[in-house]
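Engineer: Sequence and predicted structure, then a few things I'm wondering about:
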Amino acid sequence: MLKIENLSLQKGSFKLQNINFEINEREYFILLGKNGSGKTLLLESIAGFHKIKGKILLNEIELNNLPPQKRQIGFVYQDFALFPNLNVEKNIRFSERFKKVDKKLFQDIVDFLELNKILTRKINNLSGGEKQRVALARAIYSNPQILLLDEPLSAIDPLLREEIIKNLKDIAQKYKKTILHVTHDLKEATFLGNKIGLMVNGHLVKVGDKQNILSSFNQTYLQKNIFESYLKKSKNG
Amino acid sequence: MKKIFIFLGAIIILFFALPIFKLIFNISAQTYLKTLQDKEVLNSILLTMRVSFLGVLTVLILGLPLAYVIAREDFKFKSLIESIIDIPTMLPHTAAGIALLITFNNRNFPIVDTTFGIMLAMMFLSAPYLINSAKEGFRKVDVKLENVAQSLGASPLQTFLLITIPNARKDIINGMLMMWARGLGEFGAVVIITYHPMVTPILIYDRFNSFGLKFSAPVAAVMIIFSILIFLIIRYFNNKIT
């Protein structure tokens, strides 16, 4: 479904180098790496926010020359990037003006993510968990072929995380979405992903099924390169 | 320390407020009524407000895209362009008037003694307030909002109109107010280009020269009251919507 071929990009002194991977339809792909490894930059490149070298193919169609609004890609940022000038309902319905969307889906998503009571609220009056659900609803409602999630749980209260992780899994199944999810959190990765890619300093060092990936690296390597921040956080918390 | 700061702050606030209050409250109600019935005064105030507002609209169309590009992009000569925008704030206003006269006045399209000439003078000296304020407003809008809007199907122009401008509106409206207010008070450049029709600062000067303080003060007071009222109303609504 999504195929990345030799993707390279330089942003300041940071480089994404020669990245190759493929995501199949309805797969939940986790891109795992510590902060600063280039995960967000890679997602933004796929969404079309940066010019890249290499190829991005979605269902055999090359996206390189398509602007972000034509790519059929949904994006949820770490801080959700909800539009402060619009209330919850208008945020979710934003894509209606520009895309053909199934308007019946609106109520279904709102019910599923339990947003009924907050539809008229302003964005600034929402909790982290509510913002996250609105951002997901907005992205799903725009009917993308693939959903890109950039650390969607890092701004969430740890007490709510488990519930939201479950929500993400349910969303992928209920709305038949292919998801590319970026995280530095091993727990998220192991619970949600079918496939995992490991990213270190702008390189995608390994891609494979969850079990293969987790067993192919010894603990010392993972601790040093990938899960340092996760382990540190677990120790502190 | 806090008390000293409050004391020093109070001095500067009094310095601003005292002359305005003195001017406004030194005039009798009867004189105010008479001034408000004076067609020359009313026409002049309306002309000043209207032309300054037209200048604001013009800079809104020409200056917002520029402010956005400066806020978002890094390019060669960016500092030079920012300096050019700031030049008018450093010029003596009469010198600006002369420069405008030399550049834009010609036989086929004279600007002398025209409202267009007034607008050019007001715009030239007050546009930096709007452009710089909008630039700061755009910088505060997270670029991620624009990215997401585009991923949801909006074109860059639709994103600019529906997301960027509304989320920078507080600074844009403040900039518009500052530019408009600065335009209302423009004298030096306008007097070089257009003495007639008289904008209010010129009318005040004209009456002061011809008839003295007694006849110019009421015009100045009415102009200040109108300006403050409009300023306060717009600021109130601007703060309320944001």
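Structural biologist: In hand now; what should we look at?

Engineer: which residues sit in contact with the residue in chain B positioned nearest to chain A?
Structural biologist: At 3.2 Å from chain A, B:G153 is the closest residue in chain B, using CB to the nearest CB. (C-beta placed from N, C-alpha, C; glycine too.) When contacts are counted by CB atoms under 8 Å, 6 or more residues apart in numbering or on different chains, B:G153 touches A:69, A:95, A:97-99, A:142.

Engineer: go on, A:N59?
Structural biologist: A:1, A:145.

Engineer: what's around the residue in chain A positioned nearest to chain B, how many residues?
Structural biologist: For chain A and chain B, the shortest gap (CB to the nearest CB) falls at A:F98, measuring 3.2 Å. Neighbourhood size, A:F98 [other CB atoms under 10 Å in any protein chain shown]: 17.

Engineer: From B:S151, how far out is it?
Structural biologist: 11 Å (CB to CB, to the nearest Å).

Engineer: which neighbours do the two share?
Structural biologist: A:Q69.

Engineer: rewinding a little: which of the contacts of B:G153 count as buried?
Structural biologist: Neighbour counting by 16 or more other CB atoms under 10 Å in any protein chain shown classes A:69, A:95, A:98-99, A:142 among these as buried.

Engineer: For chain B, which residues are neighbours of chain A?
Structural biologist: B:142, B:144-145, B:147-156, B:158, B:163, B:166-167, B:169 (CB under 8 Å from any CB of the partner chain).

Engineer: got any ranges where chain A has weak pLDDT?
Structural biologist: The model of chain A has pLDDT under 70 over residues A:217-237.

Engineer: Nearest to the spatial middle of it, which residue is it?
Structural biologist: A:L149 (1.2 Å; CA atoms, centre = their mean).

Engineer: Show me the beta-bridge partners of that one.
Structural biologist: Counting by DSSP bridges, A:L149 is bridged to A:V76, A:H181.

Engineer: give me every residue that touches it.
Structural biologist: So A:L149 contacts A:76, A:168, A:179-182 (CB under 8 Å, 6+ apart).

Engineer: ok, of the residues you listed, which one's closest to B:L62?
Structural biologist: A:V76 (36.6 Å; CB to CB).

Engineer: I figured that closest one hits A:L148, correct?
Structural biologist: Yes. A:V76 lies in contact with A:L148 (CB atoms under 8 Å); the separation is 7.2 Å.

Engineer: just the buried members of the residues of chain B next to chain A?
Structural biologist: Neighbour-count burial (16+ other CB under 10 Å) applied to these gives B:144-145, B:147-154, B:163, B:166-167, B:169.

Engineer: got the residues of chain A near chain B?
Structural biologist: When proximity is defined by CB under 8 Å from any CB, chain A lies next to chain B at A:44, A:47-49, A:67-69, A:71, A:73-75, A:77, A:79, A:81, A:83-85, A:94-95, A:97-99, A:138-139, A:142, A:144.

Engineer: so what's A:Y141 up against?
Structural biologist: By CB under 8 Å, 6+ apart, the contact list for A:Y141 reads A:92-93, A:95, A:101, A:105-106, A:109.

Engineer: correction: B:K135
Structural biologist: Contacts of B:K135 (CB under 8 Å, 6+ apart): B:67-68, B:70-71.

Engineer: May I ask you to confirm that it belongs to a strand?
Structural biologist: No. Using DSSP: H, G, I helix; E, B strand; the rest coil, the secondary structure at B:K135 is helix, not a strand.

Engineer: Not counting its own residues, what contacts the lengthiest helix in chain A?
Structural biologist: Longest helix in chain A, counting residues (DSSP state H): helix A:158-174. For helix A:158-174, the surrounding residues in contact (CB under 8 Å, 6+ apart) are A:26, A:28, A:112-113, A:128-129, A:132-133, A:136, A:140, A:149, A:152-153, A:156, A:177, A:179, A:181, A:188, A:191-192, A:237.

Engineer: Same check on stretch A:85-100?
Structural biologist: A:69, A:82-83, A:101, A:103, A:106, A:109-110, A:115, A:118-123, A:126, A:134, A:137-138, A:141-143, B:149, B:152-155, B:158, B:163, B:166-167, B:169.

Engineer: Name the next helix or strand downstream of the lengthiest helix in chain B, please.
Structural biologist: Scanning chain B for the longest helix, with DSSP H as the assignment, gives helix B:39-72. Sequence order places helix B:78-90 as the next helix or strand after helix B:39-72, per DSSP states H and E.

Engineer: Can you mark which positions in that next one are buried?
Structural biologist: Going by neighbour count (16+ other CB under 10 Å), the buried part of helix B:78-90 is B:85, B:88.

Engineer: cool, stretch B:51-70 as well?
Structural biologist: Going by neighbour count (16+ other CB under 10 Å), the buried part of stretch B:51-70 is B:51-56, B:59-60, B:63-64, B:66-68, B:70.

Engineer: again with stretch A:200-210
Structural biologist: Within stretch A:200-210, the residues that count as buried by 16+ other CB under 10 Å are A:200, A:202-204, A:206-207, A:210.

Engineer: export those residues to a markdown table and tack on distance to B:I193?
Structural biologist: Output for the buried residues of stretch A:200-210, formatted as a markdown table (distance: CB to CB, whole Å):
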| residue | distance to B:I193 |
| --- | --- |
| A:V200 | 66 |
| A:G202 | 59 |
| A:H203 | 64 |
| A:L204 | 65 |
| A:K206 | 72 |
| A:V207 | 69 |
| A:K210 | 75 |
